[in-house]
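Trainee: A predicted structure for the sequence below; I have some questions about it.
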Amino acid sequence: MKDSLAAQWHPNLWPPFTQLTSSKPTGRVLKGDGAVLIKEDGTSLIDAISSWWVTLHGHGNSYIAEAIYHQAQELEQVIFADFTHPQAENLANRLSKITGLERLFFSDNGSTAVEVAIKLAIQWWHNQGEERQHIIAFEGAYHGDTFGAMSVGERNLFNEPFEKLLFPVSRAPWPSTWWNDPEIDKREEKAIRILESLLEVPTAAVILEPLVQGAGGMEMVRPSFLEKIQKIINQSNTLLIADEVMVGFGRTGSLFASQRAKLSPDLMCLSKGLTGGFLPMGITMASQRIFNAFLDSNPKKTFWHGHSFTANPLGCAAANASLDLLEKDPRSYLNFEARHLTHLKSLSVHPKVKKVRLAGTIAAFELNTNERNGYLNIAGKSIKTYALEHNVFIRPLGNVIYLLPPLCITDEQLKHCYNILQKSLDLIK
C-alpha cells in the first residue's frame, strides 16, 4: 500500500511537508480563477486556505497580472546592490508610510525575511559595542525552515535532525485563547511573569507572530496581551521583531496585525500576501534607529547580506498592484471577520468542535477527538478528504481545522465551505 501511494506521485518531484507513502496526490491544477482552483479533470475546488496563505486577492487577478506583464516589458531583473528602480522605490515609500518603519531590506521569502531580522538585531548591538545574542521567542512559534528561523521556532519533529546545529533560544508561553475561555487572564499573567524573568538577561530581541501563530495551529492571543508585552520590551531596552509573514496585509482585520495589537516593532518581516501570491518575495522593515547603526566608514559595520533576486522588479510590481487593491477596497479585509462570524457560531455548538477562535480572515477550531492534540493527530485527514470530495480544499494542522480564504471569496462560496465542514464533523469518532 505504501509503495503504491508513493508511485502515484510524479517520479521527479518532492513536495514539501508531505510523506508520500501515506499521502495520495489530489491531481494536477491547470488554472486558478478567483477563489477557485481548476483541476485537470475539470473539477473546481474552492481554495479555502489561499494556497498556503499567499493568494490574497484570488487566483488570476487581472490587475496584478497586468502590472507584472507591463513591468516585464520594461525591466525583469537588475542587481540591486548597484542599481535601484522605480517599482522598488515606490514600494519602499508606501510600506514605510504604512508601517512607520523607514527602511526596507528585500529578500526572497518569509524564512529569509526572518533571517535578515535576526541578523540585523544581533549586529545592531554588535555595531554599538555591545554583544547581545540572547533571543526570546514564544512556545509554539513557527518562523520558517532555514537555520536561524528554525532556531527561533518551536523545537519539534520538523527540525529534530538539526537540533544540535540550532542556536539556543529562551521561550515564553504563548497564552492562546478561544471563545468562552475562562482561564485566559491567569495564563496571560503567567506568560508575562516568565517573559519579565527572561528579560533580566540582556536580550538582543524578542520575536513573535502578532495575534496569530500560523503553522503552530492558528493559536490566537488577545491584542491587550500584546500591548502589555510591548511595554515590558520597551522597559527592558530590547528590540521587538514582528513576524507578519502570514498575518500581514489584512489577514487579521487590520492592514497589519501589529496595528490591531498596538505594537511598535523595531523590525517587521513580510512575505506571503506581499505580492498577492503571484511571486516569491520577502521584506524586512527596520526603523531608522536600526539603520543608523550600520552607517559607518568602518566596513565591519556594513550589513553583509544579500540575495540574487533582491527587489526583483516583477515582484515589486506585483506588490505595488496588491497594495493598490487593498487601498481601493479596505472593506475587503476590514469586514471579513463579520462574514465568518454567523457561520462559525453555528459550527461552534457541534460536540466535535472546541476552542473556536477568529481573527479577521482567519477562522479556526479544534476537533474534539480521543487522540492526542497536535500536528500528528490524523482526524483532520478525514475532514480534508471529505472536503475535497465536495469541492473544498483545506489543509488541517493535525486536529486544528481552519479557513483562511482569499479576500475575493463570495458569500455563497464561503457558506459552502462551512456547510461541508459541518457535514464532515459527523465522520469524527
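Mentor: That came in fine, so what should we check first?
Trainee: residues near Pro182, how many?
Mentor: The number of residues packed near Pro182 is 6, by other CB atoms under 10 Å. To be clear about C-beta, it is placed using only N, CA and C from the backbone, and glycine gets the same treatment.
Trainee: specify the local secondary structure of it.
Mentor: Using DSSP: H, G, I helix; E, B strand; the rest coil, the three-state assignment for Pro182 comes out as coil.
Trainee: per-residue pLDDT, it?
Mentor: Listed pLDDT for Pro182 reads 97.
Trainee: my guess is Ala317 contacts Glu74, does it?
Mentor: No - proximity of Ala317 to Glu74 does not meet the contact threshold set by CB atoms under 8 Å, at 9.1 Å.
Trainee: so between these two, which is more surrounded?
Mentor: Neighbours per residue (other CB under 10 Å) separate Ala317 from Glu74, with Ala317 holding more: 29 against 11.
Trainee: mind naming the longest helix for this structure?
Mentor: helix 110-127 (DSSP state H).
Trainee: what's the residue nearest to the spatial centre of the chain sitting at in phi/psi?
Mentor: Closest to where the C-alpha atoms of the chain average out (CA atoms, centre = their mean) is Met246, at 1.8 Å. Main-chain torsions, Met246, degrees, to the nearest 10: phi -90, psi -40.
Trainee: distance of the closest residue to it other than its chain neighbours relative to Thr252?
Mentor: Of all residues not flanking Met246 in the chain, Gly214 sits nearest, at 4.0 Å (CB to CB, 6 or more residues apart in numbering). According to CB to CB, to the nearest Å, Gly214 stands 11 Å off from Thr252.
Trainee: shared neighbours, these two?
Mentor: Common neighbours of Gly214 and Thr252 (criterion: CB atoms under 8 Å, 6 or more residues apart in numbering): none identified.
Trainee: compare these two (neighbour count), which wins?
Mentor: More neighbours surround Thr252 than the other of Gly214 and Thr252, with 29 against 25 (other CB under 10 Å).
Trainee: who touches that one in this structure?
Mentor: Thr252 sits next to 210-212, 260, 359-362 when contact means CB under 8 Å, 6+ apart.
Trainee: repeat the analysis, applying 7 Å as the threshold.
Mentor: By CB atoms under 7 Å, 6 or more residues apart in numbering, the contact set of Thr252 is 211-212, 260, 359-360, 362.
Trainee: contacting residues around Asn368?
Mentor: 351-354.
Trainee: quick one, which of the residues you listed are buried?
Mentor: Neighbour-count burial (16 or more other CB atoms under 10 Å) applied to the contacts of Asn368 gives 352-354.
Trainee: hmm, back to that, just give me the closest of the contacts of Asn368 to Pro173.
Mentor: Lys354 (19.9 Å; CB to CB).
Trainee: so which elements touch the one helix or strand the closest one maps to?
Mentor: Assigned by DSSP states H and E, Lys354 falls within strand 353-359. In this structure, strand 353-359 packs against helix 336-348, strand 362-367, with contacts taken as 3 or more CB pairs under 7 Å, 6 or more residues apart in numbering; DSSP states H and E.
Trainee: surely Leu240 is within a strand?
Mentor: Yes - counting by three-state DSSP, Leu240 is part of a strand.
Trainee: who's it bridged to?
Mentor: Taking DSSP bridges as the rule, Leu240 bridges to Val206.
Trainee: quick one, what contacts it?
Mentor: Going by CB under 7 Å, 6+ apart, Leu240 touches 205-206, 230, 233, 263, 265-266.
Trainee: dump those into CSV; add pLDDT, neighbour count and distance to Leu407 as well.
Mentor: Formatted as CSV, the contacts of Leu240 follow (pLDDT from 0 to 100; neighbours: other CB atoms under 10 Å; distance: CB to CB, whole Å):
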residue, pLDDT, neighbour count, distance to Leu407
Ala205, 98, 26, 32
Val206, 98, 29, 31
Gln230, 98, 18, 28
Ile233, 97, 23, 32
Leu263, 98, 22, 23
Pro265, 98, 29, 24
Asp266, 98, 22, 29
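Trainee: and which of those is nearest to Ser151?
Mentor: Ala205 (12.4 Å).
Trainee: mind listing what that closest one touches?
Mentor: 121, 135, 238-241.
Trainee: including distance to Ala338 and pLDDT, could those go into TSV?
Mentor: Converted to TSV, those look like this (distance: CB to CB, whole Å; pLDDT from 0 to 100):
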residue	distance to Ala338	pLDDT
Ala121	37	98
Ile135	38	98
Thr238	37	98
Leu239	36	98
Leu240	30	98
Ile241	31	98
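Trainee: what about stretch 170-178, distance to the chain center?
Mentor: Its chain's C-alpha centre and that of stretch 170-178 lie 17 Å apart, by CA atoms, centre = their mean, to the nearest Å.
Trainee: buried set for it?
Mentor: By 16+ other CB under 10 Å, the buried positions in stretch 170-178 come out as 170-178.
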